[in-house]
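A.B. asks: Show me the folded form of this:
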Amino acid sequence: MTRLYLPQPLTVGTTITLPDEALRHLVQVLRMEAGERLTVFNGLGGEYAATLASASRKAATLAIDAYDPISREAPIAITIAQCVSKGDRMDYAVQKATELGMATFQPVLSARGVVKLDGERWEKKIEHWRGVAISAAEQSGRTAVPEVEAPLPFERFVATPCKGLKLILAPGGTVTVNTLPRTTAVTALIGPEGGFSPLELELADRHGWQRLGLGPRILRTETAPVAVLAVFMALHGDLAALP
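C.D. replies: Numbering: from 1, shown residues only. Down below sits the predicted model:
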């Protein structure tokens with residue numbers, strides 16, 4: 001069934017007018033018609049059964065029929081701090097990390113990063129990544145959408161307090177996932193295509209970041225968040241409960 005994220009109050013028994021973006025998606029892209037059913041959520045918990053009450057190319061209304069308090073969010077809050085990379089690597093990282101249960105996505109500007117943008121173009125990038133996260137949350141059945149933060153310089157980010165474990169992925173890292181304590185929060189810092197510079201690794205060491213190794217092979221920057229999330233969800237998250 002079609003799922004739609006609507007960041008607004010939702011109340012059973014009411015009928016709401018769809019915002020323009022939702023109207024275009026349901027009526028013009030998916031070609032849904034009045035009477036068709038869908039699921040909507042606003043990220044505040046649970047989800048709602050709804051019916052497209054009326055639909056035209058210019059306006060549509062949605063009847064909120066019932067509420068389900070279900071949660072599909074992970075019991076461990078994982079922040080992916082991803083050094084900005086070029087092309088569609090960031091889109092891939094946001095999409096797959098959202099599917100796997102990421103709580104927050106923090107872009108980081110590092111020494112070897114090749115993406116250089118001005119303020120207005122950064123705003124467009126952030127909105128684009130938020131759109132990727134929303135689409136992935138809708139598709140994967142999540143009941144919340146990960147936060148996508150504004151980019152921070154590496155030096156500022158590693159000095160910022162973080163909840164839970166602070167892990168920086170580095171080839172040859174001596175910390176392994178099976179030696180880490182059980183936790184409810186993790187921040188994983190992942191380098192760009194060219195990796196971290198020696199000065200960045202030293203700065204992270206000084207601020208208490210642990211160098212995490214994920215085996216003998218070097219992962220691509222967009223593969224690393226998928227691996228981190230899969231491992232921690234299997235050890236301490238909702239995947240650990242699977243038979």
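
A.B. asks: Now do stretch 119-129: distance to the chain's middle.
C.D. replies: Offset of stretch 119-129 from its chain centre (CA atoms, centre = their mean, to the nearest Å): 16 Å.

A.B. asks: and it, which residues are buried?
C.D. replies: By 16 or more other CB atoms under 10 Å, the buried positions in stretch 119-129 come out as 122, 125-126, 129. To be clear about C-beta, it is placed using only N, CA and C from the backbone, and glycine gets the same treatment.

A.B. asks: Check stretch 44-63 too.
C.D. replies: Result for stretch 44-63 [16+ other CB under 10 Å]: buried residues 47-50, 52-53, 55, 60, 62-63.

A.B. asks: Dump the residues you listed to a markdown table, plus distance to residue 179, secondary structure and pLDDT.
C.D. replies: Shown next, in a markdown table, are the buried residues of stretch 44-63 (distance: CB to CB, whole Å; DSSP: H, G, I helix; E, B strand; the rest coil; pLDDT from 0 to 100):
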| residue | distance to residue 179 | secondary structure | pLDDT |
| --- | --- | --- | --- |
| 47 | 38 | strand | 97 |
| 48 | 43 | strand | 98 |
| 49 | 45 | strand | 97 |
| 50 | 47 | strand | 97 |
| 52 | 52 | strand | 95 |
| 53 | 56 | strand | 94 |
| 55 | 56 | strand | 90 |
| 60 | 54 | strand | 93 |
| 62 | 50 | strand | 95 |
| 63 | 53 | strand | 97 |
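
A.B. asks: Need those in CSV (columns: distance to residue 98).
C.D. replies: Shown next, in CSV, are these (distance: CB to CB, whole Å):
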residue, distance to residue 98
47, 16
48, 20
49, 23
50, 22
52, 25
53, 30
55, 28
60, 26
62, 24
63, 28
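
A.B. asks: what two of those have the greatest distance between them?
C.D. replies: 47 and 55 (20.8 Å; CB to CB).

A.B. asks: which element follows the strand or helix carrying residue 186 toward the C-terminus?
C.D. replies: Assigned by DSSP states H and E, residue 186 belongs to strand 185-190. On the C-terminal side of strand 185-190, the nearest following helix or strand under DSSP H and E is helix 198-206.

A.B. asks: Need the phi and psi values for residue 43.
C.D. replies: With angles defined as degrees, to the nearest 10, residue 43 sits at phi 80, psi 0.

A.B. asks: For the residue nearest to residue 170 when sequence neighbours are not counted, which residues are in contact?
C.D. replies: Of all residues not flanking residue 170 in the chain, residue 211 sits nearest, at 4.4 Å (CB to CB, 6 or more residues apart in numbering). Taking CB atoms under 8 Å, 6 or more residues apart in numbering as the criterion, residue 211 is in contact with 167-170, 172-175, 201, 204-205.

A.B. asks: start to end distance for stretch 211-222?
C.D. replies: Taking CA to CA, to the nearest Å as the measure, stretch 211-222 stretches 18 Å from start to finish.

A.B. asks: what does stretch 18-26 give?
C.D. replies: Stretch 18-26: ends 10 Å apart by CA to CA.

A.B. asks: and stretch 89-104, which residues are buried?
C.D. replies: 89-90, 92-104.

A.B. asks: got it, and stretch 126-141?
C.D. replies: Neighbour counts over stretch 126-141 (16+ other CB under 10 Å) mark 126, 129-130, 132-138 as buried.
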